[in-house]
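Q: 3D model of this:
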Amino acid sequence: MGKVECCRLDGFELLFHSSDHLPPHLHVRKPGTWDARVDLLFTTSEALAFTMVWPRRGRGPSGREQRRIRSLVVQHREELLDEWDRKVFRQ
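A: Down below sits the predicted model:
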């Protein structure tokens with residue numbers, strides 16, 4: 001598991017799991033609260049494509065948090081995909 005290096009989001013951990021699966025995604029964690037798998041290809045400026053990893057039920061990212069994550073992914077999509085390719089896919 002490695003931290004995302006191309007961008008940051010205050011208050012969250014951004015991670016790639018080594019030897020993870022397709023489609024390209026990153027894990028966004030709010031420590032002690034939730035962990036979401038965010039799809040890099042299907043997230044748009046209108047919608048965050050994510051699946052909750054933990055907790056499986058209950059609270060996930062708030063609307064404000066989803067907007068912040070969505071904005072980061074849209075703004076840094078190419079860098080995130082390049083880093084995912086280097087750290088996950090080519091391992």
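
Q: once you drop chain neighbours, what's closest to residue 6?
A: The shortest distance from residue 6 to any non-neighbouring residue, by CB to CB, 6 or more residues apart in numbering, is to residue 79 (3.8 Å). (Glycine included, C-beta is placed from N, CA and C.)

Q: that's a strand at that neighbour, yeah?
A: No. Secondary structure assignment (DSSP: H, G, I helix; E, B strand; the rest coil) places residue 79 in helix, not in a strand.

Q: return the distance of it relative to residue 85.
A: Relative to residue 85, residue 79 is positioned 11 Å away (CB to CB, to the nearest Å).

Q: same thing with residue 48?
A: Between residue 48 and residue 85 the distance, using CB to CB, works out to 21 Å.

Q: what does residue 34 give?
A: Distance, residue 34 to residue 85, using CB to CB: 26 Å.

Q: ok, those two, which is more surrounded?
A: In this view residue 34 and residue 85 are compared by other CB atoms under 10 Å, and residue 34 has more residues nearby, 18 against 11.

Q: contact partners for the more buried one?
A: 52, 54, 55, 59, 60, 61 (CB atoms under 8 Å, 6 or more residues apart in numbering).

Q: tell me the most packed of those residues, by neighbour count.
A: Among those, residue 61 has the most neighbours (other CB under 10 Å), with 21 neighbours.

Q: and that one, that's in a helix?
A: No. Going by three-state DSSP, the assignment for residue 61 is coil, not a helix.

Q: hang on, isn't it packed against residue 50?
A: Yes. Residue 61 lies in contact with residue 50 (CB atoms under 8 Å); the separation is 7.5 Å.

Q: who touches both of these two?
A: Applying CB under 8 Å, 6+ apart, one finds that residue 61 and residue 50 are jointly contacted by 28, 36, 69.
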